[in-house]
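Colleague: Let's see this in three dimensions:
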Amino acid sequence: MFPLVLALLVAQTPALADEIEAKGLVVMVSRYEGLTPIEAVTLADRLSKALQNANVPVAMDALEVTSQLGEQRSPASCQGKPECFAKLGRELGVAAVVIIDSSKVFDDLPMRIVLLDTQEGQTVFKRSYTASALRPAELDLAFQSASQEIKKTLTGTDSLSADAPRAPNLSPTAQAPGLTGLGLPRPTPVNITRIGAGVAGAAAVTFLVLGLSQAARLQSERSPGVSSWTYDQARTIREKANTRLTISGILAGVSGALLVTSFVLPSEPEPAK
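Modeller: Residues are numbered from 1 along each chain as shown. Below is the predicted model of the structure:
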């Protein structure tokens, strides 16, 4: 049964290729966890350019897609449903939609790229990639690979691609401008230590404010020269204030120690041997 279905899909691919040649396709981002909307548009644009470089007709760029669909019909509202993307593609008048499903995990960017026939609503191509969000050159290589495989699928020179994760094995050092927002800092000892110092410092300030607030309550008077608190109540309030001020001092010391330590740690991870 499966070979028959596969054969039918392969047979439909040349027809889809003709449709794409006539009407073009567009790139949409269905999910972009850990990325901003601007970064999601950047992803779609980079894949669109890679497809164009592979001589795959792209009808419009990501900004134009967003503009024509409007906020009420954004790709993210499809929640990954193929029939929804197919409908959006038909409204745009294109033959196919390339969908990017991505989520940033630290400095890695796992992506699933799908080619969808807008007329039949069928998935023609689906494959997963993982690239570094800190290395645009690696990201572009993944998009170039996806574009070539999509082109091969459409021209019939490649069988339907299985959903097999791939990770480009590159280590470029240059970082292209305009994509710095696609990654978080690498979790080096310096970053971790400074984050810890910041958290400890923030907690120290919180306990300091709470302690001073408790101490200020002791100054409350029912009438001139007459405290609002009994002796036991005043002692309880004073003990709470002292406890919080002590905790604040300890956390401030921890924050200072971590900050000083961060300056003697290596700023970059040692290269793998």
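
Colleague: Could you use CA atoms for every contact and neighbour count after this?
Modeller: Will do.

Colleague: any chance you could map the strands in the stretch 1-150 of the chain?
Modeller: Using DSSP state E, counting those that start in this stretch, the strands of the stretch 1-150 of the chain run over 25-33, 96-103, 108-117, 123-132.

Colleague: would TSV of those with mean neighbour count and mean pLDDT be doable?
Modeller: Below are the strands of the stretch 1-150 of the chain laid out as TSV (neighbours: other C-alpha atoms under 10 Å; pLDDT from 0 to 100):
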stretch	mean neighbour count	mean pLDDT
strand 25-33	24	91
strand 96-103	24	93
strand 108-117	22	92
strand 123-132	21	91
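
Colleague: can I get those strands in TSV with distance to Gln72?
Modeller: Formatted as TSV, those follow (distance: least, C-alpha to C-alpha, whole Å):
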stretch	distance to Gln72
strand 25-33	14
strand 96-103	18
strand 108-117	21
strand 123-132	25
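
Colleague: Figure out which of those is closest to Ala216.
Modeller: strand 25-33 (45.2 Å; C-alpha to C-alpha).

Colleague: ok, back up a step: and the strands of the stretch 1-150 of the chain: which comes nearest Glu138?
Modeller: strand 123-132 (5.9 Å).

Colleague: How far does the closest one sit from its chain's centre?
Modeller: 16 Å (C-alpha atoms, centre = their mean, to the nearest Å).

Colleague: And for stretch 100-117?
Modeller: That offset, for stretch 100-117, works out to 9 Å (C-alpha atoms, centre = their mean).

Colleague: and what of stretch 115-135?
Modeller: That offset, for stretch 115-135, works out to 17 Å (C-alpha atoms, centre = their mean).

Colleague: now swap in stretch 235-255 and tell me
Modeller: The answer for stretch 235-255 is 39 Å, by C-alpha atoms, centre = their mean.

Colleague: circling back to that earlier point, tell me which of the strands of the stretch 1-150 of the chain sits nearest to Glu83.
Modeller: Closest to Glu83 of the strands of the stretch 1-150 of the chain is strand 108-117 (C-alpha to C-alpha; 9.3 Å).

Colleague: Could you check the angle that closest one makes with strand 123-132?
Modeller: Using axes from the mean of the first three to the mean of the last three C-alpha atoms, to 10 degrees, the direction of strand 108-117 lies 160 degrees away from that of strand 123-132.

Colleague: Only C-alpha atoms, please: export strand 108-117 in PDB.
Modeller: Extracted as PDB, the C-alpha positions of strand 108-117 are listed here (Å, rounded to 0.1, in the frame of the first residue of the first chain):
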ATOM      1  CA  ASP A 108      20.800  25.800  18.500                       C
ATOM      2  CA  LEU A 109      18.000  26.300  16.100                       C
ATOM      3  CA  PRO A 110      16.200  23.000  15.300                       C
ATOM      4  CA  MET A 111      13.900  23.500  12.300                       C
ATOM      5  CA  ARG A 112      11.500  21.400  10.300                       C
ATOM      6  CA  ILE A 113      11.000  22.500   6.700                       C
ATOM      7  CA  VAL A 114       7.900  21.300   4.800                       C
ATOM      8  CA  LEU A 115       6.800  21.800   1.200                       C
ATOM      9  CA  LEU A 116       3.000  21.800   0.900                       C
ATOM     10  CA  ASP A 117       0.900  21.600  -2.200                       C
END
